[in-house]
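Novice: Fold the following and give me the result.
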Amino acid sequence: MLEDTGERLIPEKMAITNELLIEHVARYHFALFFITNGRVLDMASGSGFGTHIIAKKKKNDIDEVIGLEIDHEALAYAKHHYYHPKSSFHQADITKKNLVATWGQFDVITCFETYEHIENEAAFLTNAYELLKPGGKLIMSTPFGEGRGKTCGSPFHVHQITPTEFKQLFHDYSITTIDYFLQKGALIQTEKEPLFDYYPLGILVLTK
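Specialist: As a prediction, this is how the structure comes out:
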């Protein structure tokens with residue numbers, strides 16, 4: 001039984017009106033627009049629902065989608081609830097060095113609400129970059145907060161960075177393009193035309 005801590009998303013245990021559920025599902029459906037072919041990686045796949053969305057919606061386009069997750073109970077839950085012939089779930093520490101030697105490179109990587117949990121952010125960012133094929137796309141999100149090294153309201157988060165810090169994450173990497181989006185509930189929009197004064201979440205779409 002996968003423990004419901006209030007942080008991990010378990011759709012079967014949540015009301016359809018749950019804001020956390022709505023936000024997470026919206027991000028995966030947003031990512032579908034950038035998934036057109038090849039291999040897909042879902043970094044920190046958690047309970048597996050997002051990996052399953054990709055497998056179901058893009059089954060005719062992709063070769064496979066792999067979910068990597070460090071927690072054994074979450075992996076067991078994902079394998080039990082979200083089987084699909086185009087997907088598979090595996091145990092991995094996404095801050096471990098040289099993951100590309102084990103898993104190869106991917107055409108698209110999704111990584112949602114993960115960065116804020118990781119202390120070794122340099123290793124995590126390097127892995128996300130190295131696992132991406134040249135020309136591939138990384139779609140990554142994180143909640144905003146007071147900034148790196150400052151305490152935040154969630155006991156599960158190392159910190160929550162500011163929008164400015166978010167835009168600096170891949171400053172030292174060689175990339176082709178990077179676009180930024182803002183999220184509020186189910187709404188995801190470009191930062192260039194904001195409808196609201198405050199957005200709790202940011203999403204980047206990076207092309208290597």
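Novice: Reduced to three states, what does Cys24 come out as?
Specialist: No Cys there; residue 24 is His. At His24, secondary structure determined by DSSP: H, G, I helix; E, B strand; the rest coil is helix.
Novice: That one: neighbour count?
Specialist: For His24, the number of neighbouring residues by other C-beta atoms under 10 Å comes to 22. Yep, even glycine has a C-beta here, placed from its N, CA and C like the rest.
Novice: Pull up the pairing partners for the longest strand seen in the chain, direction included.
Specialist: As assigned by DSSP state E, the longest strand anywhere in the chain is strand 132-143. Applying DSSP bridges, strand 132-143 is found paired with strand 106-112 (parallel), strand 201-207 (antiparallel).
Novice: As CSV, those with mean pLDDT, distance to Asn120 and mean neighbour count would be great.
Specialist: Listed next are the strands paired with strand 132-143 as CSV, based on pLDDT from 0 to 100; distance: least, C-beta to C-beta, whole Å; neighbours: other C-beta atoms under 10 Å:
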stretch, mean pLDDT, distance to Asn120, mean neighbour count
strand 106-112, 98, 15, 25
strand 201-207, 97, 20, 20
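Novice: can you map out the strands along this protein?
Specialist: Counting by DSSP E, the strands of the chain are 38-43, 62-69, 87-91, 106-112, 132-143, 177-184, 187-190, 201-207.
Novice: any chance of these in CSV, plus distance to Asn18?
Specialist: Compiled in CSV, these are given as follows (distance: least, C-beta to C-beta, whole Å):
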stretch, distance to Asn18
strand 38-43, 21
strand 62-69, 21
strand 87-91, 23
strand 106-112, 16
strand 132-143, 16
strand 177-184, 15
strand 187-190, 16
strand 201-207, 16
